[in-house]
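K.L.:
Test case, fold it:
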Amino acid sequence: MKKDKGIDYGMGMANINHATGIRYGVIHQHEVLQAWADSSEADYGIPDKDYCCGYCRNDFQLPDGTECGDMVTCPHCDEESEIEADMTDPICFYVDDGEYSASSDSYGDIFITRSLYYTFCAFCSPCAPGAGYLMSIRDKETGIKAYCFGHEWFDDGKAPYTVYSVKTGEIVKPN
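P.N.:
All right, here's what the predicted structure looks like:
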């Protein structure tokens, strides 16, 4: 096992939960593809303020805080319609289920910003300053703590790294 933690390009300020001292974990989606596909939801972002009514074709301004999926009433024709993503690709996919908070970037990397679990790994490259790359497996003496997915996220039911409980600090065994 390598002994090098790598370089903290975030200088202790970026990609870290300052309350717990645990770094955000980064893993490529192909490592957990089926679980990610089953669990994540698409985020289409915030719709444009200018909206064209699908009934009367008149433009109007959406109220502040309007999101895709919300129902709005056209002030011109009083017809109600659902705000749709207008045939765009999602800006990311995410999970926020109380156990995990994670989102993907456009390169297929998943950033885990909250989890019941952590592991020890090396720092990411400058692309994710201060975060830990979960597949650069380290031990307690040679790694940094980073949030991670539990064993259930992997096809064979076992994570490729050692999983620890955030609550107890104990090793979590696969079922």
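
K.L.:
buried set for the helix-or-strand element of the chain with minimal mean pLDDT?
P.N.:
Taking mean pLDDT, DSSP states H and E as the measure, strand 50-52 is the helix or strand of the chain with the lowest mean score, a mean of 77. Across strand 50-52, burial judged by 16 or more other C-beta atoms under 10 Å covers residue 51. No exception for glycine: its C-beta is placed from N, CA and C like everyone else's.

K.L.:
where in the chain is pLDDT low?
P.N.:
Within the chain, the stretches with pLDDT under 70 are 1-2, 46-48, 85-88.

K.L.:
Map the structural domains onto the sequence of it.
P.N.:
Under automatic domain parsing, the residue ranges defining each domain of the chain are 16-42+90-165, 45-89.

K.L.:
if we can go back for a sec, give me the sheet partners of the helix or strand following the least confident helix or strand of the chain and which way each runs.
P.N.:
As assigned by DSSP states H and E, the chain's next helix or strand after strand 50-52 is strand 59-61. With DSSP bridges as the test, strand 59-61 is paired with strand 50-52 (antiparallel).

K.L.:
Show residues contacting the partner strand.
P.N.:
With C-beta atoms under 8 Å, 6 or more residues apart in numbering as the test, strand 50-52 has contacts from 58, 59, 60, 61, 62, 72, 83.

K.L.:
For the last one, list the residues it contacts.
P.N.:
Neighbouring residues of residue 83 by C-beta under 8 Å, 6+ apart: 47, 51, 62, 66, 67, 68, 69, 70, 71, 72.

K.L.:
need the domains of the chain in TSV with distance to residue 175, can you?
P.N.:
Formatted as TSV, the domains of the chain follow (distance: least, C-beta to C-beta, whole Å):
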stretch	distance to residue 175
domain 16-42+90-165	6
domain 45-89	35
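
K.L.:
can you give me the offset of stretch 40-49 from its chain's centre?
P.N.:
Taking the mean of its C-alpha atoms, stretch 40-49 sits 14 Å from the chain's own mean (C-alpha atoms, centre = their mean, to the nearest Å).

K.L.:
could you show me where the helices are in the chain, in order?
P.N.:
For the chain, the helices defined by DSSP state H occupy 33-39.

K.L.:
Surely residue 175 and residue 150 touch.
P.N.:
No. Using C-beta atoms under 8 Å, residue 175 makes no contact with residue 150, being 10.0 Å away.
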